[in-house]
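Peer 1: 3D model of this:
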Amino acid sequence: MRILTGDAPSSPPFEFEFVPLSVVSFGPTVIAEGCDSTRSISWIHAWTVTHGIITQVREYFNTSLVVTRIGNSAVGQKKPTAEISPVHCPSVWESQFSGQAGKSVPGLVLAI
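Peer 2: The predicted model follows:
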């Protein structure tokens with residue numbers, strides 16, 4: 001975080017390059033993932049794109065991420081008025097490089 005905010009000491013110079021190893025999109029959400037194995041850092045960016053412009057950025061370091069799509073399991077069917085319809089949340093993407101950081105990392109779910 002100190003590097004990204006410019007608060008890191010300038011000596012010795014420390015550079016961090018974001019080189020994506022995979023990029024996928026799900027509608028307006030774009031996921032980019034990479035890993036810097038020499039520093040034991042994995043990263044994931046989740047961008048929201050609206051009309052060709054990035055309107056939101058979420059950044060995760062050393063975190064495992066699963067992307068799920070929220071929706072009704074009975075798509076196109078009438079919902080019974082007296083029952084609560086079940087919700088189906090299929091996993092559409094899972095991070096690959098968090099395990100390469102060489103340490104245990106927390107896991108998150110991003111619902112789209």
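Peer 1: only C-alpha atoms for contact and neighbour calcs from this point on.
Peer 2: Noted.
Peer 1: Just the strands from this protein, written as ranges.
Peer 2: Applying DSSP state E to the chain gives strands spanning 22-26, 29-36, 41-50, 53-61, 64-68, 71-72, 87-88, 91-94, 107-111.
Peer 1: Using TSV, please lay out these together with mean neighbour count and distance to Asp7.
Peer 2: Formatted as TSV, the strands of the chain follow (neighbours: other CA atoms under 10 Å; distance: least, CA to CA, whole Å):
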stretch	mean neighbour count	distance to Asp7
strand 22-26	13	29
strand 29-36	20	21
strand 41-50	20	19
strand 53-61	12	18
strand 64-68	19	26
strand 71-72	14	42
strand 87-88	12	44
strand 91-94	14	32
strand 107-111	12	27
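Peer 1: Reformat those strands into CSV and put mean pLDDT next to each item.
Peer 2: Below are the strands of the chain laid out as CSV (pLDDT from 0 to 100):
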stretch, mean pLDDT
strand 22-26, 93
strand 29-36, 90
strand 41-50, 92
strand 53-61, 92
strand 64-68, 89
strand 71-72, 62
strand 87-88, 72
strand 91-94, 89
strand 107-111, 86
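Peer 1: Export stretch 62-70 to PDB, keeping only CA atoms.
Peer 2: C-alpha atoms of stretch 62-70 as PDB (Å, rounded to 0.1, in the frame of the first residue of the first chain):
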ATOM      1  CA  ASN A  62      -2.700 -11.900  -1.500                       C
ATOM      2  CA  THR A  63      -6.300 -12.800  -1.500                       C
ATOM      3  CA  SER A  64      -8.200 -15.700  -3.200                       C
ATOM      4  CA  LEU A  65     -11.300 -14.500  -5.000                       C
ATOM      5  CA  VAL A  66     -14.300 -16.300  -6.300                       C
ATOM      6  CA  VAL A  67     -16.800 -14.500  -8.600                       C
ATOM      7  CA  THR A  68     -20.400 -15.600  -8.400                       C
ATOM      8  CA  ARG A  69     -23.400 -14.600 -10.400                       C
ATOM      9  CA  ILE A  70     -26.600 -13.900  -8.400                       C
END
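Peer 1: That concludes my questions; thank you for your assistance.
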